[in-house]
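J.: Need a 3D model of the following:
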Amino acid sequence: MGIAEVIPGVSGGTIAFITGIYERLLNAIKGVGPGLIKEFQTNGFNGLWKAVDGGFLVNLLIGMAIGIVIGVFGVSHLLENYPPVIWAFFFGLIIASAIYIARQIDAWNWKTILGLIIGAVVAYGITVLTPAQGSTSLLFVFFCGMIAISALILPGVSGSFILLMLGMYTYIISDTLKPALKTFATDKLLTMGVFALGCLVGLMTISRVLSWTFKHYRSVTLSVLTGFIIGSLNKIWPWRNPIEWLRDVDGKIIMEEGIPKKILLEENVLPASFDGEAYTLWVIVFAILGFAVVFLMERFGSDEKS
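T.: As a prediction, this is how the structure comes out:
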């Protein structure tokens with residue numbers, strides 16, 4: 001989940017769903033709130049730990065922290081050098097995820113079909129939006145944390161992609177998180193602290209909403225989430241050519257070490273029209289591998305449930 005959250009277009013929520021921990025994660029997050037004070041006064045630390053499913057959350061957060069570091073330094077490197085191959089892996093993974101979640105729907109009717117269509121249209125619409133320019137204001141950083149963390153819970157909606165749309169991906173990942181991990185600079189740590197606080201507030205809010213919809217409208221909720229995943233496929237097509245880059249006030253492309261600092265818009269193309277090495281055979285292999293991984297993870301999740 002940590003690796004997924006660093007990559008624009010891939011959702012940590014999807015990973016949670018196919019590994020069978022999705023609803024447990026919702027319930028654990030929902031347990032975090034003002035009610036913990038009363039729980040602690042009544043039942044002490046053991047009661048508090050049980051209320052938030054502490055063991056589960058600690059293991060998950062440790063794994064995510066490791067995954068984020070791997071994603072920031074490792075996967076980002078692979079995306080820079082072999083983008084079609086890495087995107088193909090996630091394309092196959094996302095297709096299989098949509099099939100997996102759709103299979104959890106108890107009955108298909110007009111409500112679930114409508115939910116599927118709405119989810120797909122909304123997610124696709126997000127993928128074709130033009131990214132904003134962003135802001136370094138701490139208030140805006142807090143707001144971005146609230147919005148982006150929703151993707152931790154929503155399958156098919158990538159937190160990193162939301163940051164990209166808000167114009168904050170480069171600022172948060174490259175300009176703040178990487179330096180914070182390397183130098184522990186005070187200003188970078190402050191920015192990450194504010195971002196983390198926004199994430200906490202957003203997480204507590206969206207988990208309660210989704211927990212309620214799962215309880216009362218499970219099939220419709222699953223169909224909407226399936227639509228989200230299908231609609232997001234547009235963003236992770238393996239072969240994409242950039243058509244617009246981040247520019248300065250004079251309209252010149254902003255460069256960093258001889259290459260454009262950030263791509264704003266891309267168009268999906270066929271391998272023959274791709275600007276670069278298409279790696280067509282490897283793309284096919286890794287798409288199949290990504291597809292297979294989902295069902296291996298599903299099998300692992302089923303064994304854990306048993």
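
J.: contacts, neighbours, all on C-alpha from now
T.: Will do.

J.: OK, contacts around residue 195?
T.: Applying C-alpha atoms under 8 Å, 6 or more residues apart in numbering to residue 195 gives the contacts 141, 142, 143, 144, 145, 146.

J.: From the residues you listed, which land in strands?
T.: Applying DSSP state E to the contacts of residue 195, no entry is found in strands.

J.: In TSV: these, plus neighbour count and distance to residue 177.
T.: What follows is the contacts of residue 195, written out as TSV (neighbours: other C-alpha atoms under 10 Å; distance: C-alpha to C-alpha, whole Å):
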residue	neighbour count	distance to residue 177
141	25	13
142	22	15
143	18	17
144	27	14
145	26	13
146	23	17
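
J.: okay if I get the residues you listed as TSV plus pLDDT and distance to residue 123?
T.: TSV is the format used below for the contacts of residue 195 (pLDDT from 0 to 100; distance: C-alpha to C-alpha, whole Å):
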residue	pLDDT	distance to residue 123
141	86	23
142	90	23
143	87	20
144	84	18
145	87	19
146	86	18
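
J.: hmm, what's the outermost residue in this structure?
T.: residue 42 (36.8 Å; C-alpha atoms, centre = their mean).

J.: just to revisit the earlier point, right, and out of the contacts of residue 195, which lies closest to residue 62?
T.: Nearest to residue 62, judged by C-alpha to C-alpha, of the contacts of residue 195 is residue 145 at 19.4 Å.

J.: For residue 196, see how far away the closest one is.
T.: Per C-alpha to C-alpha, to the nearest Å, residue 145 is found 6 Å from residue 196.

J.: so the residue farthest from the centre of the chain sits in a helix?
T.: Yes. If the criterion is DSSP: H, G, I helix; E, B strand; the rest coil, then residue 42 is within a helix.

J.: Who are the contact partners of it?
T.: Residue 42 touches nothing, counting by C-alpha under 8 Å, 6+ apart.

J.: circling back to that earlier point, just the closest of the contacts of residue 195 to residue 6, please.
T.: Closest approach to residue 6 among the contacts of residue 195 (C-alpha to C-alpha): residue 145, at 13.4 Å.
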